[in-house]
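**Student:** give me a 3D structure for the following:
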Amino acid sequence: MTKGKISVDIVSGDVAAASFTNSGDVSADIKLDLYNHSKKNSILHGESTNGLLKFDADEINDSQYLIGIFNGKENKLRIIKNSKLFSGRVKSSKNLINDAKLIKTLKRKEIEGSYAERRNALGEEFGTKKAKKAINEASRNKINSESLEDSQIDIIDGIKQTTKNMPNREEMNKLVEIENRVIPPFNINAKNVEDIYSIEEIIPIEILSSFPINSFIDGNYNDEKIIEKINLLPYVNKEDNKSSIIFKLFKNILNETNLITDNLKFKLQLLSFTSMLIGLYFNRRVNRRDKLIESFKNIPPSRCINYMLQLFSKNNSNNNGNNKRSINFDREIRMFSIGPKEEDKILCHIIVFLLTLFDYRLDLTILASDLSLKPSKLLALVRTLGCQVLVGNKNDGSDSIGSKIAVLKVPFKAPEIVRRFRR
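**Tutor:** Here you go, the predicted model:
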């Protein structure tokens, strides 16, 4: 602090001073111009060299202050008589910065670097707390590729070691095919039509042999007797309908003989299994074994029910229903679930079994009616099985003339759904 007396002189002259309330120090390269008006107050105006900032200040009329210049060496204070005081604010010429951001803009340095670096710098400067946190986390998790150059061989060896047991493209396609398969296993190289969908590969002999068939064979096969025999099957859908597919099938299978051949025995047992499966299809929403059993007119053997539920219900088979060898016939399934995939799987197997029983020519019109299926869905299923669809003729019987007939023949063309996965 200066000691002694201070000499004060009042001098003439013009000087102006301005204060900008939302800014710190004003850069020395800012040039301010004074604009006087005869009737209005004077104003100060200036712009930054880059044109982004505007400095505008209005004259303070009622100010009781004067501008003084102090000379410390001479201990003198010069008071300028004609001084003017101004007050104003700094504004953005592009109207994109508020006061708080304007202060940061005044202090900000020119940023150099890549687009990502400049983008992150902008986020750190003006971003929300959430955006800043994301930028910091990304920066911490960033991998420096230069530091990994010496470890490239170890990384590649580690990847090879980890992936050596992973399936290749062909193996992966087979896994996807099995996972999405609703049709039975098939032999694309089959020479005989009966070898395309081999029943022995679908139903074990011990399951088929569990169905009793002696009551079907009595040598009396008129229409009334056939209806009586239909009522001996596990599930009866239309017991008095002589136009049903089951009635037509019995007429084809049975003949007036008391001799039980292996082929007749096989067909009657397969028919019994098919009837049981049709019962599952019509009761696919019950979800409980005891309720399913109540729907059967004649309860099938317990092992057959176990096999069927493990083969066709969701989450009860660990083999996607295509490997009969790993199914435990004695494991009782109390609860089961049938989804859309399992529903199609049941229908595909019913169609394959009926094709076998009808010598690979199946009337789809009668079957659609018996299963309460839309003809379009049934056509899609038989084509998925690799069948051709023809128009029935007199060789298919008078009831089937003009109907759509599914025909399975060799050489066998792989079903479209399977071939798509093999590409």
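**Student:** which residue, other than its chain neighbours, is closest to Ile69?
**Tutor:** Excluding the flanking residues, the one nearest Ile69 by C-beta to C-beta, 6 or more residues apart in numbering is Arg78, at 4.8 Å. C-betas here are computed from N, CA, C, even on glycine.
**Student:** distance of that neighbour relative to Ile30?
**Tutor:** 25 Å (C-beta to C-beta, to the nearest Å).
**Student:** likewise for Ile278?
**Tutor:** 93 Å.
**Student:** enumerate every residue touching the closest residue to Ile30 other than its chain neighbours.
**Tutor:** In space, and not counting its chain neighbours, Ile30 is closest to Gly46: 5.0 Å by C-beta to C-beta, 6+ apart. Applying C-beta atoms under 8 Å, 6 or more residues apart in numbering, we find Gly46 in contact with 30-33, 54-55.
**Student:** again, only this time at 10 Å
**Tutor:** Counting by C-beta atoms under 10 Å, 6 or more residues apart in numbering, Gly46 makes contact with 18, 20, 26, 29-33, 53-57, 88, 90.
**Student:** under the pLDDT cut-off, which ranges of the stretch 301-423 of the chain? List them.
**Tutor:** 315-327, 396-400, 415-423 (pLDDT under 70).
**Student:** and the helices in it?
**Tutor:** 302-312, 340-357, 364-370, 375-384, 416-422 (DSSP state H, counting those that start in this stretch).
**Student:** just put the ones you listed in JSON lines and tack on mean neighbour count.
**Tutor:** Listed next are the helices of the stretch 301-423 of the chain as JSON lines, based on neighbours: other C-beta atoms under 10 Å:
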{"stretch": "helix 302-312", "mean neighbour count": "21"}
{"stretch": "helix 340-357", "mean neighbour count": "21"}
{"stretch": "helix 364-370", "mean neighbour count": "19"}
{"stretch": "helix 375-384", "mean neighbour count": "16"}
{"stretch": "helix 416-422", "mean neighbour count": "14"}
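**Student:** of those helices, which is nearest Val193?
**Tutor:** The closest approach between Val193 and any of these, judged by C-beta to C-beta, belongs to helix 340-357 at 9.0 Å.
**Student:** residue ranges with poor pLDDT in the stretch 1-150 of the chain?
**Tutor:** For the stretch 1-150 of the chain (pLDDT under 70), the answer is 1-4, 13, 21-26, 28, 37-39, 49-52, 63, 92-113, 144-150.
**Student:** partner strands of the longest strand belonging to the chain and their direction?
**Tutor:** Criterion DSSP state E: the longest strand present in the chain is strand 76-92. If you go by DSSP bridges, strand 76-92 pairs up with strand 7-20 (parallel), strand 53-59 (antiparallel), strand 67-71 (antiparallel).
**Student:** looking at those strands, which is buried most?
**Tutor:** Highest mean neighbour count of the strands paired with strand 76-92: strand 53-59, a mean of 19 (counted as mean count of other C-beta atoms under 10 Å).
**Student:** quick one on the thing from earlier: which of the helices of the stretch 301-423 of the chain sits closest to Ala190?
**Tutor:** Ala190 lies closest to helix 340-357 among the helices of the stretch 301-423 of the chain, at 13.3 Å (C-beta to C-beta).
**Student:** can I get that closest one as PDB, trimmed to CA atoms?
**Tutor:** Provided in PDB are the C-alpha atoms of helix 340-357 (Å, rounded to 0.1, in the frame of the first residue of the first chain):
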ATOM      1  CA  PRO A 340     -46.400 -76.300 -31.900                       C
ATOM      2  CA  LYS A 341     -43.200 -78.100 -32.900                       C
ATOM      3  CA  GLU A 342     -44.300 -81.300 -31.000                       C
ATOM      4  CA  GLU A 343     -47.800 -81.000 -32.500                       C
ATOM      5  CA  ASP A 344     -46.300 -81.100 -36.100                       C
ATOM      6  CA  LYS A 345     -44.100 -83.900 -35.000                       C
ATOM      7  CA  ILE A 346     -47.000 -86.000 -33.900                       C
ATOM      8  CA  LEU A 347     -48.900 -85.300 -37.100                       C
ATOM      9  CA  CYS A 348     -45.900 -86.200 -39.300                       C
ATOM     10  CA  HIS A 349     -45.500 -89.600 -37.500                       C
ATOM     11  CA  ILE A 350     -49.200 -90.300 -37.800                       C
ATOM     12  CA  ILE A 351     -49.000 -89.700 -41.600                       C
ATOM     13  CA  VAL A 352     -45.900 -91.900 -41.900                       C
ATOM     14  CA  PHE A 353     -47.600 -94.700 -40.000                       C
ATOM     15  CA  LEU A 354     -50.800 -94.400 -42.100                       C
ATOM     16  CA  LEU A 355     -48.700 -94.300 -45.300                       C
ATOM     17  CA  THR A 356     -47.100 -97.600 -44.300                       C
ATOM     18  CA  LEU A 357     -50.500 -99.200 -43.500                       C
END
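**Student:** what is it packed up against?
**Tutor:** Judged by 3 or more C-beta pairs under 10 Å, 6 or more residues apart in numbering; DSSP states H and E, the packing partners of helix 340-357 are helix 245-253, helix 262-282, helix 302-312, strand 361-363, helix 364-370, helix 375-384, strand 404-407.
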